[in-house]
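Chemist: my questions are about this predicted structure, shown below with the sequence.
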Amino acid sequence: MNRFSGEHVGEETISMILEASTISATTLRVTEINFREDPRWTEFISLHTDALIYHHPNWLSALEEEYGQKCVCLGCEDSKGRLRAVLPLLYTRGFPFKLGRNATGRRLSSLPRTPLAGPLALDADAMTEILRYTVELVCRL
């Protein structure tokens, strides 16, 4: 049963996710994905046992509206384009990490006003890749 829409999830979808977990990390790539238009986002969070309402597109849309910023949603995909990890981020300004001159600087958050909404991954390789990409993204700020 799809946790967000009430629809049943097909065995083919579950098989694809399980098959994806055996793919080597060398075939992974991280890209920015549009959580509104890419059906893989909702499908992935609907099937992931650690997903929370804070990963849902409606919550992400509410944060975008409140902050006036576009949500940066990262997806780690295998060579067949199947998602193996996701991470929603939002650009914010100000504290909590740099004090002094950079106290109001731009930063990425996952996610503001959200108690928990970190990365979701099917395996350690996908988690490593999406976190590595995120660190590189933050270093470019």
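Modeler: Sure thing, it's come through. Numbering: from 1, shown residues only.

Chemist: who's in contact with the lengthiest helix in the chain?
Modeler: With residue count as the measure and DSSP state H as the assignment, the chain has helix 124-139 as its longest helix. For helix 124-139, the external contacting residues (C-beta atoms under 8 Å, 6 or more residues apart in numbering) are 24-25, 28-30, 72, 74-76, 84-87, 89, 107-108, 119, 121. Glycine gets a C-beta too; all of them are placed from N, C-alpha and C.

Chemist: span of stretch 46-60 from start to end?
Modeler: Between the opening and closing residues of stretch 46-60 there is a gap of 15 Å (C-alpha to C-alpha, to the nearest Å).

Chemist: what is the rounded mean pLDDT of it?
Modeler: Mean pLDDT, computed over stretch 46-60, is 91.

Chemist: buried residues, the longest helix of the chain. List them.
Modeler: Counting neighbours by 16 or more other C-beta atoms under 10 Å, one finds that the buried residues in helix 124-139 are 125, 126, 127, 129, 130, 131, 133, 134.

Chemist: possible to save those residues as a markdown table with pLDDT and distance to residue 59?
Modeler: As requested, the buried residues of helix 124-139 are exported to a markdown table (pLDDT from 0 to 100; distance: C-beta to C-beta, whole Å):
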| residue | pLDDT | distance to residue 59 |
| --- | --- | --- |
| 125 | 93 | 27 |
| 126 | 94 | 22 |
| 127 | 93 | 21 |
| 129 | 93 | 24 |
| 130 | 93 | 19 |
| 131 | 90 | 21 |
| 133 | 91 | 22 |
| 134 | 88 | 19 |
